[in-house]
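> sharing a model prediction with you, sequence too.
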Amino acid sequence: MKSIVAIVLIAGLGYLTGLYLPWWGFVVVALVIGAVLGTNSIQAFFSGFLGMFLLWGVVAWMKNTDNSGLLGGKIGQLFGHQSATGMVALTAALAGILGGLSAITGYLAREVFIGKTSVRNRNYRSRAKKAYARK
Amino acid sequence: MRLLRFISFGTLTLGLTWVLNTYQPFGAPVPALGALFSPFSGFWANADAASLPTEKLELHSEQLQGKVEVLFDERLVPHIFAEQFLDAIFAQGYITAMHRLWQMDISSRAAAGRLSEVLGDRTLENDLNQRRKGLLRGAKAALIALKNSKEEWSIIEAYTAGVNAYIKTLQPADYPIEFKLLGYAPELWTPLKTTLCFKNMAETLCYRHADLPTTNARALFGPALFDFLYPAYNPKQSPVIPATVKWDFKTLMIAPPKKDLKLLSQIWPRHKMPMPDESLGSNNWALSGSKTASGHPIICNDPHLNLTLPSIWYEAQIHTPETNVYGVSIPGLPGIIIGFNENIGWGVTNVGQDVLDWYAIKWLNDAHTEYAYDDQKKKVDIKYDTVFVRGRKNPVIEPLKFTVWGPVAFENVPQSPYRGLAMHWLAAEQPEPREFYEVGTFSRLMKAKNHADYAKALMGYDAPAQNFAFACKDGDIALKVNGKFPLKTPGQGRFVQDGSFSSNAWHGYIPRDQIPQVKNPERGFVASANQNSASPAYPYYYNGEFDDYRGRLINRRLAEMNKATIQDMMQLQTSSYSLLAEEATPLLLKLLSRNDLTESENALVKQLETWDFKFRYDATTPVLFQAFLDSVYTFTFDEILDQPDSIEIQKPRTWRLLELLEQFPQHDIFDRRATKNKKENAADLVLDAFHQVVREWTPKFKAGFNWRQQNKAEIRHMARIPAFTRNDLAVSGYRQAPNASNGGNGPSWRMVVELGPEIKAYGVFPGGQSGNPGNSNYDAMIPKWVKGEYNELFFMKNAQDRRQKVLATWSMQK
């Protein structure tokens, strides 16, 4: 469930940053979502990967379809003679890999700086008490 | 452990983001891939879903005085209806930028020598050469002059405002694809950029010069043989202005130049500033009503240029209270360059007259800062030009040396007694103050109603000099070889001149009313195809280097024609028939001794004998002819072609080779250097040449090699991006035929207009209105152009005219 929420949030917020921010806006989105909703590193990677793979893949696929593959095919010639569909796949893969890496980084950051439990379940007070008791 | 994992993944993520956000990361020749692939702002954003973004658009700008409506037809030609002429120009700027912004940017950068700013080291040498030639300086000088012409300045300002109104709407996602691939952003347009686009045109059309290779040829052969091989005038010539025109004006007298014979007997090195291709040229003609089937005058024009995508030309119609004009414009320049209105039509071809001369500089010190000039020591003027180079921290600051003649192109020619070489080029000069200049010429032509308006409009035009053909509804036709021409003594500027005498300068300019021109000649037509402007009887010296097979053929055809139709005009423009082939083939075959040929060789001869002299794309005979002619040429002038690559020798004209074969078959020039023990005459040489062709080409002929594969007609993208280029086009044409297709060069716009009560106009250019490779319109007209078909131009009578479909209506106002 959490993974699906993460994927949807990454894709949705990634869409908004895509419209209004530089292309790398989604890297920040994946990082934050990975930190907040990540349960383990593999899950974090895949939610980042899938969220961004789907977002860039679908948007590129739609634009490519509307354009009948005209420009995708031409740009594809510059990248080892890819077909237009190949360029859609490459676009999706590029965002997926970077999204995944960013999400896993976010998850690991939480692990290092905050602890293994997810943010939502974290009980700040109890943790503070334990820390006090240890002293 | 956790920390280590975090640091590793963090570094990987950051590093990858950095790499994907960097132009040419680690020197790899790729743009910032993240930005390029983003489906929101990268190349996918240029993948247009429809040829136009919207059917309705309302634009407001403070610069507009009245209302403007822009209607797009199905080929995306904007039809601009404005209450004010300047508003129409504003709209032209806006719409042109929408379709061609990158082309405008790169053309002005190329002329200014500012390519390295965005392309890096690889264009630095090119940029420095542009600065040396003085294009940027010339454009700045032209700008100062233009500011004094209020009317023209307002046109340039309106155009600039229109372009910038468009640029200001742009988000990075909207940038043309080339900006994204090359990783830079558009800058705002300026009047200077417009004058730079004019200089760009001047460079393409009048930067040709042959002083150094011609001097070398004279040094190599000696004066007598040189004169024999390189006569100045072809007796078969059919000049632009017919010989029947008499020159009844008082000629200005000029003193003969001072010569230093040492300069004429030395070899100069190959100069390092490449020239435009020689096979650029153009055709235009106008028929008077007496020669047409309809009884109305017809005007035709097809300028031949290095073909590019986005296309050189941009079609537009401009309708204002004072005029209704249609034609093609050049992105970056306001107004219509070739076109017609309800009364007149005009077209241009390039004039071959030499407006660039080289002067030898006698240095007086080792630092090359002082040179001899009459009895004085003159100091060079050193100007420091700054070229910013992408990827370098500091700009390149290049000291450029200027003499009274112009920039020093070679500072230290080892073989020369003078050692320096400077160039004087008309297009880099500051124009003298006058009522109006080139922009004014075209704005006046756009509004012209008769011959008097046309004649007045041409007075403002300097360079690149053009043959302006003209036809008017009232029956007048005319042609003027128009531009600023240096006044030269006979032969002046053909060879390198002595720069240490002020008397070797140009002697002013040919008075405008003494320039070759003709109105309503008896023969009923005017025509030009870059050949000599006038017969040798014309009192001023002419030096131009164009072969004239097209010109002679067109004059012959037009003279034969009666009751000419629009169809006839189209057939002539797209004809692949070559007069060179018609004259050379029988001559070569006459010299070729059949007894010495094998059966298969005789079969090839038969092929040539039955040829119709048309360069059809799917035929083999044109390849055979060209190979044969090339082979004869190479064997004949082996003296030149054996010279090292570091020096350039002017090549004799093809017409002279044919004349020599015909009239002097025993001449020594036909003795081949490769065969030491044998002395060949023309017939021996032709036989050797034919054998060589058979040896070399038979396997290819057997494989079905045809003219299309030989000619390699193609239209390259301006940044040479292969995926945006169209090649292997099935064009039937030849550089010495009216349809002057030659590799990457060819007819860049074909126009046929009949000026009757109802204007009938047809045109086509090889490309599309949209400059976006991601738009289906980008190369939409190429198939028609290849086949020699035309579009009926939608010359709208008013904004309600719907004889053709209107795709969209945009409005602009305050």
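Yep, it's here.

> wait, A:Phe53 touches A:Leu94, no?
No: assessed by C-beta atoms under 8 Å, A:Phe53 is found out of contact with A:Leu94, at 9.2 Å. Every residue, glycine included, has its C-beta placed from N, CA and C.

> quick test: name the residue nearest the centre of chain A.
A:Gly48 (2.9 Å; C-alpha atoms, centre = their mean).

> what sits closest to it if chain neighbours are left out?
Nearest residue to A:Gly48 in three dimensions, chain neighbours excluded: A:Ala103, at 2.6 Å (C-beta to C-beta, 6 or more residues apart in numbering or on different chains).

> what ranges do the helices span in chain A?
A:2-20, A:25-37, A:41-66, A:70-78, A:84-113, A:124-134 (DSSP state H).

> show me the one of the ones you listed that comes nearest B:Gly113.
Taking C-beta to C-beta, helix A:70-78 is the member of these nearest to B:Gly113, at 27.4 Å.

> in the closest one, what counts as buried?
A:70-76, A:78 (16 or more other C-beta atoms under 10 Å in any protein chain shown).

> need those residues in CSV (columns: distance to chain B and pLDDT).
Shown next, in CSV, are these (distance: C-beta to the nearest C-beta, whole Å; pLDDT from 0 to 100):
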residue, distance to chain B, pLDDT
A:Leu70, 6, 97
A:Leu71, 3, 98
A:Gly72, 7, 97
A:Gly73, 8, 97
A:Lys74, 4, 97
A:Ile75, 5, 97
A:Gly76, 8, 97
A:Leu78, 6, 93
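
> tell me the two of these that are most distant?
Maximum distance among the buried residues of helix A:70-78 (C-beta to C-beta): 14.3 Å, for A:Leu70 and A:Leu78.

> wait, what's in contact with B:Pro511?
Going by C-beta atoms under 8 Å, 6 or more residues apart in numbering or on different chains, B:Pro511 touches B:249, B:252.

> could you look up the next helix or strand downstream of the helix or strand containing B:Ala91?
In this assignment (DSSP states H and E), B:Ala91 forms part of helix B:85-112. Next along the chain after helix B:85-112, taking DSSP H and E as the criterion, comes helix B:116-119.

> from the middle of its chain, how far away would that next one be?
24 Å (C-alpha atoms, centre = their mean, to the nearest Å).

> run through who's touching whichever helix or strand comes after it.
Downstream of helix B:116-119, the first helix or strand assigned by DSSP H and E is helix B:124-133. With C-beta under 8 Å, 6+ apart as the test, helix B:124-133 has contacts from B:110-116, B:136-137, B:203, B:207, B:272-273, B:385, B:387, B:389, B:396, B:398, B:400, B:407, B:409, B:423, B:425, B:428.

> one more time with 7 Å
B:111-116, B:136, B:273, B:385, B:387, B:389, B:396, B:398, B:400, B:407, B:409, B:425, B:428 (C-beta atoms under 7 Å, 6 or more residues apart in numbering or on different chains).

> same thing with stretch B:12-29?
So stretch B:12-29 is contacted by A:24, A:27, A:98, A:101-102, A:105, B:30-35, B:183 (C-beta under 7 Å, 6+ apart).

> average pLDDT for that stretch?
Taken as a whole, stretch B:12-29 carries a mean pLDDT of 93.

> likewise for stretch A:39-51?
95.

> please identify the residues of chain A in proximity to chain B?
Taking C-beta under 7 Å from any C-beta of the partner chain, the part of chain A that reaches chain B is made up of A:18-19, A:23-24, A:27, A:56, A:59-60, A:63-64, A:66-67, A:70-72, A:74-75, A:77-78, A:91, A:94, A:98, A:101-102, A:104-105, A:108-109, A:111-112.

> thinking again about what came up before, possible to save the contacts of stretch B:12-29 as CSV with neighbour count and distance to B:Lys484?
Shown next, in CSV, are the contacts of stretch B:12-29 (neighbours: other C-beta atoms under 10 Å in any protein chain shown; distance: C-beta to C-beta, whole Å):
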residue, neighbour count, distance to B:Lys484
A:Trp24, 19, 55
A:Val27, 29, 59
A:Leu98, 25, 59
A:Leu101, 26, 64
A:Ser102, 33, 64
A:Thr105, 29, 67
B:Val30, 18, 47
B:Pro31, 22, 43
B:Ala32, 21, 47
B:Leu33, 20, 50
B:Gly34, 24, 52
B:Ala35, 21, 47
B:Gly183, 16, 41
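
> what's the most distant pair in these?
Top of the distance list for these (C-beta to C-beta): A:Thr105 and B:Gly183, 26.7 Å.

> what bridges to B:Val806?
Per DSSP bridges, the residues bridged to B:Val806 are B:Asp73.

> just to be sure, B:Ala808 is in a strand?
Yes: using DSSP: H, G, I helix; E, B strand; the rest coil, the assignment for B:Ala808 is a strand.

> near chain A, which residues of chain B?
So chain B meets chain A at B:2-3, B:5-6, B:9-10, B:12-13, B:16-17, B:21, B:33-35, B:37-44, B:46-49, B:722-724, B:773-774, B:776 (C-beta under 7 Å from any C-beta).

> could you dump the helices of chain A into JSON lines and include distance to B:Lys760?
Converted to JSON lines, the helices of chain A look like this (distance: least, C-beta to C-beta, whole Å):
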{"stretch": "helix A:2-20", "distance to B:Lys760": "49"}
{"stretch": "helix A:25-37", "distance to B:Lys760": "56"}
{"stretch": "helix A:41-66", "distance to B:Lys760": "38"}
{"stretch": "helix A:70-78", "distance to B:Lys760": "34"}
{"stretch": "helix A:84-113", "distance to B:Lys760": "42"}
{"stretch": "helix A:124-134", "distance to B:Lys760": "85"}
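
> which of those has the lowest mean pLDDT?
Minimum mean pLDDT among these: helix A:124-134, a mean of 56.

> give me the contact list for stretch B:595-606.
B:589, B:592, B:594, B:624, B:687, B:694.

> mind giving me the packing neighbours of the host helix or strand of the fifth one?
Counting by DSSP H and E, the secondary-structure element that holds B:Leu687 is helix B:682-702. Applying 3 or more C-beta pairs under 7 Å, 6 or more residues apart in numbering or on different chains; DSSP states H and E, one finds that helix B:682-702 makes contact with helix B:579-591, helix B:621-636.

> relative orientation of the helix or strand hosting B:Ala139 and helix B:124-133 in degrees?
Element membership for B:Ala139 (DSSP H and E) is helix B:135-147. Counting by axes from the mean of the first three to the mean of the last three C-alpha atoms, to 10 degrees, helix B:135-147 lies at 40 degrees to helix B:124-133.

> buried residues in helix B:135-147, which are they?
For helix B:135-147, a neighbour-count test (16+ other C-beta under 10 Å) marks B:135-143, B:145-146 as buried.

> report the rounded mean pLDDT for it.
91.

> between that helix and helix B:85-112, how many degrees?
Orientation of helix B:135-147 against helix B:85-112 (the same axes, to 10 degrees) gives an angle of 160 degrees.

> what residues does helix B:135-147 touch?
B:111-113, B:130, B:152-153, B:156, B:191-192, B:195-196, B:198-199, B:203, B:427-431, B:433, B:437.

> quickly find the element holding B:Pro235.
B:Pro235 belongs to no helix or strand when assigned by DSSP H and E.

> returning to that earlier point: buried subset of the residues of chain B next to chain A?
Buried members of these, counted by 16+ other C-beta under 10 Å: B:5-6, B:9-10, B:12-13, B:16-17, B:21, B:33-35, B:37-44, B:46-48, B:724, B:773-774.

> leaving out sequence neighbours, find the closest residue to B:Ala737.
Here the residue nearest B:Ala737, using C-beta to C-beta, 6+ apart, is B:Ser578, at 4.2 Å.

> and B:Ser107, what is it in contact with?
Residues near B:Ser107 by C-beta under 7 Å, 6+ apart: B:197, B:200, B:332.
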